[in-house]
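S.K.: Dropping a prediction and its sequence here:
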Amino acid sequence: GAVVSQHPSWVICKSGTSVKIECRSLDFQATTMFWYRQFPKQSLMLMATSNEGSKATYEQGVEKDKFLINHASLTLSTLTVTSAHPEDSSFYICSASTSGHVYNEQFFGPGTRLTVL
Amino acid sequence: GNSVTQMEGPVTLSEEAFLTINCTYTATGYPSLFWYVQYPGEGLQLLLKATKADDKGSNKGFEATYRKETTSFHLEKGSVQVSDSAVYFCALSERGYQKVTFGTGTKLQVIP
């Protein structure tokens, strides 16, 4: 099946620093990648959608200057949390999909736990 | 807009009990419906899916039937195991669109 990896699986950083999270599709080409943030009470919030080679589309309320998304190739998307603060601590999950799927199945990465001190 | 409503958890069951997790949806078109499962500390995995009315998705003993008349996609399993303990998300995706709308998730705990 389609495999999506994320790196790192967890990261701890100081307030004010930037953190980059990578999302890779290992055995397929992902035309679209998604970034989600999961809050402690389980809800999954879509942050942005990115298509290879174009700018990401951010959901309402998500600061694009704070959460920088780059989808440079068909197998790699990165999320950079700039000037991180404790309130950015969360579980970040990416997913990837490829064109041609009638039911738009997304394949999810294992997630990255970010803790900002 | 689209929305998915799941029963609130947590749901605690004894091993071999029958499981039902209710899910209803609101959509403007003819969505595909999904159940995802998230085990502790992991990302989401697709558990099962149904792409049109009256389809039944099934996997690992779990089943869900796409009911257009009641806009529902309830998850069922006849006999749960401790290893089924996880958070279950109901979701939908409109045909032709990439965006998936998730429910808030239902935590299932199965005790021996």
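M.R.: Yep, that arrived.
S.K.: I'd say B:Ser79 and B:Lys60 touch.
M.R.: No. Counting by Cβ atoms under 8 Å, B:Ser79 stays clear of B:Lys60, with 11.6 Å between them. C-beta here means a position set from N, CA and C on the backbone, and glycine is covered the same way.
S.K.: Now do the strands in chain A.
M.R.: A:4-7, A:10-13, A:19-25, A:32-38, A:44-51, A:57-58, A:67-73, A:76-81, A:90-97, A:107-108, A:112-116 (DSSP state E).
S.K.: Who are the packing partners of the third one?
M.R.: What it means is strand A:19-25. Helices and strands touching strand A:19-25, by 3 or more Cβ pairs under 8 Å, 6 or more residues apart in numbering or on different chains; DSSP states H and E, are strand A:4-7, strand A:10-13, strand A:32-38, strand A:76-81, strand A:90-97, strand A:112-116.
S.K.: show me what contacts the residue most central in space within chain A?
M.R.: The residue lying closest to the centre of chain A (Cα atoms, centre = their mean) is A:Trp35, at 3.3 Å. Residues in contact with A:Trp35 (Cβ atoms under 8 Å, 6 or more residues apart in numbering or on different chains) are A:23, A:46-48, A:50, A:67, A:69, A:77, A:79, A:92-94.
S.K.: Give me the nearest residue to it, chain neighbours excluded.
M.R.: A:Met47 (4.6 Å; Cβ to Cβ, 6 or more residues apart in numbering or on different chains).
S.K.: Wait, the one you found touches A:Arg37, no?
M.R.: Yes. A:Met47 is within contact range of A:Arg37, at 5.5 Å (criterion: Cβ under 8 Å).
S.K.: Report the residue spans of the chain with pLDDT below the cut-off.
M.R.: Going with chain A. Applying pLDDT under 70 to chain A flags residues A:1, A:41-42, A:99-104.
S.K.: my question was about chain B
M.R.: Looking at chain B by pLDDT under 70, you get B:95-98.
S.K.: Could you show which parts of it are in contact with chain A?
M.R.: Taking Cβ under 8 Å from any Cβ of the partner chain as the criterion, chain B approaches chain A at residues B:32, B:34, B:36, B:41-46, B:49, B:51, B:87, B:89, B:93-95, B:97-100, B:102, B:104-105, B:107.
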